[in-house]
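Novice: Compute the structure for the input listed below.
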Amino acid sequence: MKWARIPEPSRFLRSVTPPYRFHRTEATVTITARFHPEESWTRYPHLNKPEEALEHEKKHFELTEVYARKLRKLVSNSRYSATRFKDEINKQFTDLVTQHRTEQVRYDHETNHSIDHHQQIKWNARIDEQLESLSTYSKTTVNIKFK
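Specialist: A predicted model of the protein is given here:
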């Protein structure tokens, strides 16, 4: 990712999307973390240390991937009703999106948008540890188990 790819004004968009695919009695779900540079913005290039700010923004995306992996783990370890599984997965998705948004706000608050270097280092390690602990769930496609 480079600043040149992020137009001004735009906005960072963090999302986890659950498109579905069905095969007879089986189902799979694809859960991805996406970044849309065309919908992103920043004033960071005007800062004294834009490289640190860019690293901070990359961690926002990595935090989104953490929550995508949490959702993959949850879906992988759950059993669903064959007739209501879309509603059940969407509920899990909605709950995790709420947690994800709260965590993103907390990340910005505690790091003061990368200005608090000590807190930024702590958050970098925390996010890296979470990604590593959820590495089993890095594949985007998850098989759905029915009751």
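Novice: Check which helix or strand the most centrally placed residue in the chain maps to.
Specialist: Nearest to the centroid of the C-alpha atoms of the chain, with distances taken as CA atoms, centre = their mean, sits Thr64, at 1.5 Å. In this assignment (DSSP states H and E), Thr64 forms part of helix 50-76.
Novice: what's downstream of that helix, the next helix or strand?
Specialist: Going down the chain from helix 50-76, the next helix or strand is strand 79-80, by DSSP H and E.
Novice: Pull up the pairing partners for that next one, direction included.
Specialist: Strands flanking strand 79-80 in the sheet, each with its direction: strand 141-146 (parallel) (DSSP bridges).
Novice: can you state the direction angle for the partner strand and helix 50-76?
Specialist: When axes from the mean of the first three to the mean of the last three CA atoms, to 10 degrees is applied, the directions of strand 141-146 and helix 50-76 differ by 30 degrees.
Novice: Begin at 7, not 1, for the rest of this chat.
Specialist: With 7 as the first residue, the last one maps to strand 147-152.
Novice: chain center to strand 147-152, what's the gap?
Specialist: Once both centres are worked out by CA atoms, centre = their mean, to the nearest Å, strand 147-152 turns out to sit 20 Å from its chain's centre.
Novice: Report the buried residues of that strand.
Specialist: For strand 147-152, the neighbour count (16 or more other CB atoms under 10 Å) marks Val148, Ile150 as buried. Glycine gets a C-beta too; all of them are placed from N, C-alpha and C.
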